[in-house]
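J.: Got a predicted model here, sequence first, then my questions.
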Amino acid sequence: MAIEENIQRKAQELGIGKWGILKVEAMFDYGERLRERMDRIPQGEALYGRFMKFADPRTTFPWVKSIIVVASFYGHYHIPQALLPHYGKYYLVDMRLNPASPESQTLQDFEAYLHELGLRTVTEAQYGLTALRWAASKAGLGRIRQNNFFYIEEGSWIALNAWLIDRELECIKTHHVPACPPQCSCCIRSCPTRSLSAPYTMNMATCIRRLTTSSEAIPYTDEVNQMLGTWISGGFLQGNSSTFQRNPYGGGS
Ligand code: SF4
């Protein structure tokens, strides 16, 4: 049985619905898109230059041949209404901070199986070793929409994980996520700090996630403070997916 079929069987057994494998070369054009973004925003090179290595993970790990990507849906967690205007939902159910969470356990079992298959792997759950949304898009799991979120059929409440592997494998999936409607700009108009200033563009320097959690020096002006509104944190918190109840009716957006 081909390795891809074995992985398919294991993913099914573990309840992993969205996964795929792309060859490492499929990531190369990420560098071009990143360059475009750097050219569009002030201090783009300083903010985003560090991610250029994500276009070819072989610069860090020369033995890498392919990338396995998994999307985990977290839209089934209930979040208390009182928290929603203040904290980014993702960071309240962040599996990266809780190795005991069901999603994290599933991924650990999945990784153990990859090793059983004799694959050499490397992963980095917190910040990734390659561009996760780009890799997921190339693997056919869903679509990056104009707000830069990655969408699967159930919505954008998903976490992405990737393993770099030493075998040349490929398993590209298909999805049914529609493209953004022509002329739609609701997300751009809704962004409180104007970090999302144009389709597929984002200025990390003014993103709430960074403004509320980064330890780096940031341009934190009164104007930005006003724009933050009720947001307290868009980043890592100690709350996690074991803290909240799963919603038996599903949900998410
Ligand atoms: S608000 Fe409109 S443009 Fe933005 S991601 Fe959604 S559909 Fe696309």
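T.: Here it is on my side, so go on. Numbering: from 1, shown residues only.
J.: so where's the stretch 151-253 of the chain uncertain?
T.: Residue ranges of the stretch 151-253 of the chain with pLDDT under 70: 217-220, 234-253.
J.: Quick check, D109 in contact with L14.
T.: Yes - counting by Cβ atoms under 8 Å, D109 does reach L14; the two are 5.8 Å apart. Where C-beta positions appear, they are placed from N, C-alpha and C, glycine not excepted.
J.: So if I had to pick from the two, which one is more boxed in?
T.: L14 (16 against 13; other Cβ atoms under 10 Å).
J.: Now do that one against S72, distance only.
T.: Applying Cβ to Cβ, to the nearest Å, the value for L14 to S72 is 11 Å.
J.: Quick check: neighbours shared by the two?
T.: Counting by Cβ atoms under 8 Å, 6 or more residues apart in numbering, the residues touching both L14 and S72 are T106.
J.: Residues of the protein that sit close to the ligand?
T.: R145, Q146, N147, C180, P181, C184, S185, C186, C187 (Cβ under 6 Å from any ligand atom).
J.: Tell me the one of these nearest L97?
T.: N147 (24.4 Å; Cβ to Cβ).
J.: can you pull the pLDDT of that closest one?
T.: pLDDT, N147: 95.
J.: List the contacts of the closest residue in space to it that isn't next to it in sequence.
T.: Using Cβ to Cβ, 6 or more residues apart in numbering and skipping residues adjacent in sequence, the residue nearest N147 is C187, 3.8 Å away. Listed by Cβ under 8 Å, 6+ apart, the contact set of C187 reads R145, Q146, N147, L196.
J.: can you tell me the helix or strand for C187?
T.: Secondary-structure assignment from DSSP states H and E places C187 in helix 186-190.
J.: That helix: what's the following helix or strand?
T.: Next element after helix 186-190 (DSSP H and E): helix 208-213.
J.: so where do the helices sit in the chain?
T.: Remark: helices assigned in the chain by DSSP state H are 3-14, 30-40, 44-48, 89-92, 102-116, 132-138, 186-190, 208-213, 222-228.
J.: Lovely, talk soon.
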